[in-house]
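Peer 1: quick one: sequence plus predicted model below, questions after.
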Amino acid sequence: MTSTVGQVIRCRAAVAWEAGKPLVMEEVEVAPPQANEVRVKILFTSLCHTDVYFWEAKNPLFPRIYGHEAGGIVESVGEGVTDLKPGDHVLPVFTGECKECAHCKSEESNMCDLLRINTDRGVMLNDGKSRFSINGKPIYHFVGTSTFSEYTVIHVGCLAKINPLAPLDKVCVLSCGISTGLGATLNVAKPAKGSTVAVFGLGAVGLAAAEGARIAGASRIIGVDLNSNRFEEAKKFGATEFVNPKDYNKPVQEVIAEMTNGGVDRSVECTGNIDAMISAFECVHDGWGVAVLVGVPHKDAVFKTHPMNLLNERTLKGTFFGNYKPRSDLPSVVEKYMSKELEVEKFITHTVPFSEINKAFEYMLRGEGLRCIIRMEE
Ligand code: NAD
Ligand code: ZN
């Protein structure tokens, strides 16, 4: 086998040429990694709603290679990379950790100055250019990961080195959605044992938030979703009660306040819908309730609530990636799976070969299933 180190690699990638149009399987050229970059062979990737949202959006960068929930193996590293070497197993993360800025040094933040999520950037930081091209025409990156390609180039700060014994076809889902939901509850909402938690949106992220509430010992976990098909599934993740806002002719926050004698202790919003975000805030109990926003809102969304809701001692928070620092914390989330403290299999409802990646989009758009694993080698 000839080495690919330092060479351009030609491989398959699923390219989005236009908003909302099916991805097209293309042969792309992937340039070698530059300083502080790593070229990764992706083995498994899955689809998260954030990919779908930016693929649907009217005005972003095209052509683009989406994908940010994945697992792979390091093929080669650029200058200055000492933490990773070829053969290491890695999970790419859409938000990074430089380990040097004030945020990385703070115990409270994972919003790295250099590598925090930036959905508007389609190029690498090093030289402001893309590493992907087709016949010399650049193809944009997405959130620094672009995992819908057999090979991709990623900043070293956006890669978590994990236990090589962890099965990548399972733990790839920890690189975004599951860690995000779990961390939103355990690291940010922090429900006390015996408390009441509402989870808005019962996709993979919301069900991971429910799982977090169960692990924390919440006694009531109220799942809220417009899709009643989600409710049966949600029981496996600890949900004890369900509310479909469509079944009532008053705001869902009022329904929840009545069910809970004034409101829940904690709520976690995992829908991306602005009205659900407002309801998730307004349904927490005055005096101590905390609401955590996780869903990625539409560009023009505005959060509107009466300031009295805050004066009455409710707290509103938000988080990316469940406040986990990708390099420092994600390897230990993988270990939770290895020690069977955390189950990920129940989040994986479909698998498709890479050539059928558009099916994964169809499942998500129809609200069918949770995570669909896309196998790069079929
Ligand atoms: P998903 O599509 O699988 O699940 C979303 C669920 O929300 C669906 O079941 C849908 O029926 C429900 N829903 C939509 N509108 C609703 C409303 N008004 N009220 C109640 N339920 C409603 O998506 P997912 O992959 O689980 O992602 C969930 C959200 O989290 C998305 O917005 C995604 O972009 C976001 N996300 C954020 C982060 C982060 O770090 N903050 C990371 C990953 C995903
Ligand atoms: Zn995601």
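Peer 2: Perfect, thanks for sending it. Numbering: from 1, shown residues only. Ligands and ions are numbered 1, 2, ... in the order given.

Peer 1: the helix or strand harbouring Arg39 - what's its average pLDDT?
Peer 2: Arg39 belongs to strand 37-46 when elements are defined using DSSP states H and E. For strand 37-46, the mean pLDDT works out to 98.

Peer 1: which residues of the stretch 1-150 of the chain fall in strands?
Peer 2: Shown for the stretch 1-150 of the chain, the strands assigned by DSSP state E, counting those that start in this stretch span residues 9-15, 24-30, 37-46, 69-77, 89-92, 132-134, 137-139.

Peer 1: ligand 1 contacts on the stretch 51-200 of the chain?
Peer 2: 53, 176-177, 180, 200 (Cβ under 6 Å from any ligand atom). No exception for glycine: its C-beta is placed from N, CA and C like everyone else's.

Peer 1: buried subset of those residues?
Peer 2: In those, burial by neighbour count holds for 53, 176-177, 180, 200, counting by 16 or more other Cβ atoms under 10 Å.

Peer 1: and those residues, which two are furthest apart?
Peer 2: Cys176 and Phe200 (18.4 Å; Cβ to Cβ).

Peer 1: residue of the stretch 1-150 of the chain closest to ligand 2, please.
Peer 2: Using Cβ to the ion, the single residue of the stretch 1-150 of the chain nearest to ligand 2 is Cys48, 3.0 Å away.

Peer 1: can you name the residues that contact that residue?
Peer 2: 68-69, 176-177, 204-205 (Cβ atoms under 8 Å, 6 or more residues apart in numbering).

Peer 1: could you rerun that using 6 Å?
Peer 2: 69, 176-177 (Cβ atoms under 6 Å, 6 or more residues apart in numbering).

Peer 1: Serialize those residues to a markdown table and add fields for pLDDT.
Peer 2: Shown next, in a markdown table, are the contacts of Cys48 (pLDDT from 0 to 100):
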| residue | pLDDT |
| --- | --- |
| Glu69 | 98 |
| Cys176 | 97 |
| Gly177 | 96 |
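
Peer 1: and whatever residue of the stretch 1-150 of the chain ends up closest to ligand 1, how far from Ile73?
Peer 2: Among all residues of the stretch 1-150 of the chain, His49 sits closest to ligand 1, at 3.2 Å; criterion: Cβ to the nearest ligand atom. Separation of His49 from Ile73 (Cβ to Cβ, to the nearest Å): 26 Å.

Peer 1: for the two, indicate the residue with more neighbours.
Peer 2: Taking neighbours as other Cβ atoms under 10 Å, His49 and Ile73 compare with His49 leading, 20 against 15.

Peer 1: got a list of what whichever residue of the stretch 51-200 of the chain sits closest to ligand 2 touches?
Peer 2: Of all residues in the stretch 51-200 of the chain, Cys176 sits closest to ligand 2, at 3.3 Å by Cβ to the ion. By Cβ under 6 Å, 6+ apart, the residues touching Cys176 are 48, 68-69.

Peer 1: what do you get if the cut-off is 7 Å, keeping everything else the same?
Peer 2: 48, 68-69, 94 (Cβ atoms under 7 Å, 6 or more residues apart in numbering).

Peer 1: ok, it to Lys336 distance?
Peer 2: 16 Å.

Peer 1: next: Lys190.
Peer 2: 17 Å.

Peer 1: neighbour count: these two, which is higher?
Peer 2: Lys336 (16 against 13).

Peer 1: was I right about Asn309 contacting Glu282?
Peer 2: Yes - counting by Cβ atoms under 7 Å, Asn309 touches Glu282, with 5.9 Å between them.

Peer 1: tell me which of those two has more neighbours.
Peer 2: Neighbour tally, Asn309 and Glu282, criterion other Cβ under 10 Å: the higher count belongs to Glu282, 22 against 18.

Peer 1: so what's the closest residue to ligand 2 within the stretch 201-350 of the chain up against?
Peer 2: Nearest residue of the stretch 201-350 of the chain to ligand 2 (Cβ to the ion) works out as Val205 at 7.6 Å. By Cβ under 7 Å, 6+ apart, the contact list for Val205 reads 177, 180-181, 270, 294.

Peer 1: redo the residues you listed as CSV? Include distance to Val8.
Peer 2: Shown next, in CSV, are the contacts of Val205 (distance: Cβ to Cβ, whole Å):
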residue, distance to Val8
Gly177, 32
Thr180, 34
Gly181, 38
Cys270, 40
Val294, 38
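
Peer 1: which of the residues you listed fall within helices?
Peer 2: In this view, the contacts of Val205 that belong to helices under DSSP state H are 177, 180-181.

Peer 1: I am finished for the moment; much appreciated.
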